[in-house]
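[1] Model the following, please.
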Amino acid sequence: MVLYYKARPDAGDYTIYMGADKNENEELIKYGLPEDVWFHVDKVSSAHVYLRLKKGDSIDTISEGLLEDCAQLVKAHSIQGNKMNNVDVVYTSWSNLKKAPSMDVGQVGFHNPRLVHILTVEKRVNEILNRLHKTRVERRPDLKAEKDASNAAEKAKRKMQLKEKVRHA
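    Numbers count the residues shown, from 1 in each chain. Take a look at the predicted model:
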């Protein structure tokens, strides 16, 4: 089961989501999309929280409020991290996640550690979490089908761009 949340209204129409357990996290790692940004509490167990960016957005243009929503959610879904203050949350583009066969379920590494951002969460902010939990929806999506559809759409877009380029040449 995947848990979906709506980001703060002033941030725009963004979806934040996470797996309900480590096996769901494994599926999310496997079937992520290029516009997904992954969040996790650094050095302790936590949920894997994802932010789906809009086409054209980048990890460097995520608003502070949107980052705070994701960071608060990942902190709240960490048994150890939820009890601590000044918790570091790491985040990176989904495409930077590296999964080796020898890794435990839910465990990931990074292709390029320099592309990992760190955000410190001073304390739990219940107002943010209460707002997010009011928007929570549980679904059982077909992640593979979503990934396949995204790949097909991207392929069709590239094909159309190539046709346009040839037509105007």
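
[2] Quick one: distance of the least confident helix or strand in the chain by mean pLDDT to the chain centre.
    Scoring the helices and strands of the chain by mean pLDDT, DSSP states H and E places helix 143-168 at the bottom, with a mean of 84. Relative to its chain's centre, helix 143-168 lies at 23 Å (CA atoms, centre = their mean, to the nearest Å).

[3] Buried residues, it. List them.
    Buried positions in helix 143-168, judged by neighbour count with 16 or more other CB atoms under 10 Å: residue 143. For every residue, glycine as well, the C-beta is placed using N, CA and C.

[4] Give the other helices and strands that that helix contacts.
    helix 22-30 (3 or more CB pairs under 8 Å, 6 or more residues apart in numbering; DSSP states H and E).

[5] May I have stretch 74-94 as PDB, with CA atoms only?
    C-alpha atoms of stretch 74-94 as PDB (Å, rounded to 0.1, in the frame of the first residue of the first chain):
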ATOM      1  CA  VAL A  74       9.900  11.500   6.900                       C
ATOM      2  CA  LYS A  75      11.000  12.500  10.500                       C
ATOM      3  CA  ALA A  76       7.600  11.600  11.800                       C
ATOM      4  CA  HIS A  77       7.800   8.200  10.200                       C
ATOM      5  CA  SER A  78      11.200   7.300  11.800                       C
ATOM      6  CA  ILE A  79      11.000   5.600  15.200                       C
ATOM      7  CA  GLN A  80      14.400   7.000  16.300                       C
ATOM      8  CA  GLY A  81      14.300  10.200  14.300                       C
ATOM      9  CA  ASN A  82      10.800  11.200  15.600                       C
ATOM     10  CA  LYS A  83      12.200  11.200  19.100                       C
ATOM     11  CA  MET A  84      15.300  13.400  18.300                       C
ATOM     12  CA  ASN A  85      15.700  17.100  17.700                       C
ATOM     13  CA  ASN A  86      18.100  18.400  15.000                       C
ATOM     14  CA  VAL A  87      17.700  15.400  12.700                       C
ATOM     15  CA  ASP A  88      19.400  15.400   9.300                       C
ATOM     16  CA  VAL A  89      17.200  14.500   6.400                       C
ATOM     17  CA  VAL A  90      18.900  13.500   3.100                       C
ATOM     18  CA  TYR A  91      17.300  13.900  -0.200                       C
ATOM     19  CA  THR A  92      18.200  13.300  -3.800                       C
ATOM     20  CA  SER A  93      16.700  12.700  -7.200                       C
ATOM     21  CA  TRP A  94      15.300   9.200  -7.600                       C
END
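
[6] Just give me the residue closest to the centre of this protein.
    residue 50 (1.7 Å; CA atoms, centre = their mean).
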